[in-house]
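# Structural data only, the sequence is not supplied:
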């Protein structure tokens, strides 16, 4: 690791592949990336910049589902959030779980509640929804209606 901040190093390393970079303040930055680049940028922040995955979250927006990976960069005292947009009705992106253990459960949760498929996930079983929960019904989607039981 160099004296350069993780944000600056990420901008140099990935350059034009970053769709947008915005600095909310000196401790909070957002980087929008294409879903195909998510695993490589997550791996870079984790393995080469010493980032720790604080959590990941997701939100169903009208234009698709947005997945946010929130990385704490201890040496910079900064939180960098990677923003990925995936398309409905069958949202899919690569998993970070094969190299980032903290992503395994949260990606499983995002699959259960939003229906995002994380390709290459090491353990794609359901996590929080019961085994008898109907396939294709996701409680955090805008179009959710309670299934008849």
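Perfect, I can see it now. Worth saying up front: this structure is predicted, and the values here are computed from it rather than measured.

# Strands of this protein, start to end?
For the chain, strands defined by DSSP state E occupy the ranges 18-25, 28-33, 52-61, 64-73, 78-86, 92-94, 117-119.

# can I get those strands in JSON lines with distance to residue 109?
Backbone N, C-alpha and C define where each C-beta goes, glycine included. Converted to JSON lines, those look like this (distance: least, CB to CB, whole Å):
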{"stretch": "strand 18-25", "distance to residue 109": "25"}
{"stretch": "strand 28-33", "distance to residue 109": "21"}
{"stretch": "strand 52-61", "distance to residue 109": "9"}
{"stretch": "strand 64-73", "distance to residue 109": "11"}
{"stretch": "strand 78-86", "distance to residue 109": "15"}
{"stretch": "strand 92-94", "distance to residue 109": "15"}
{"stretch": "strand 117-119", "distance to residue 109": "11"}
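
# what's the closest of these to residue 106?
strand 52-61 (4.4 Å; CB to CB).

# Would you mind pulling the contact partners of the closest one?
42, 46, 65-72, 74, 79, 85, 88, 96, 100, 102-103, 106-107, 110, 113-114, 116, 140-142 (CB atoms under 8 Å, 6 or more residues apart in numbering).

# buried subset of those residues?
By neighbour count, with 16 or more other CB atoms under 10 Å, the contacts of strand 52-61 hold 42, 46, 65-67, 69-72, 79, 85, 88, 96, 100, 102-103, 106-107, 110, 113-114, 116, 141 as buried.

# for this protein, what's the longest helix?
The longest helix of the chain (DSSP state H) is helix 101-114.
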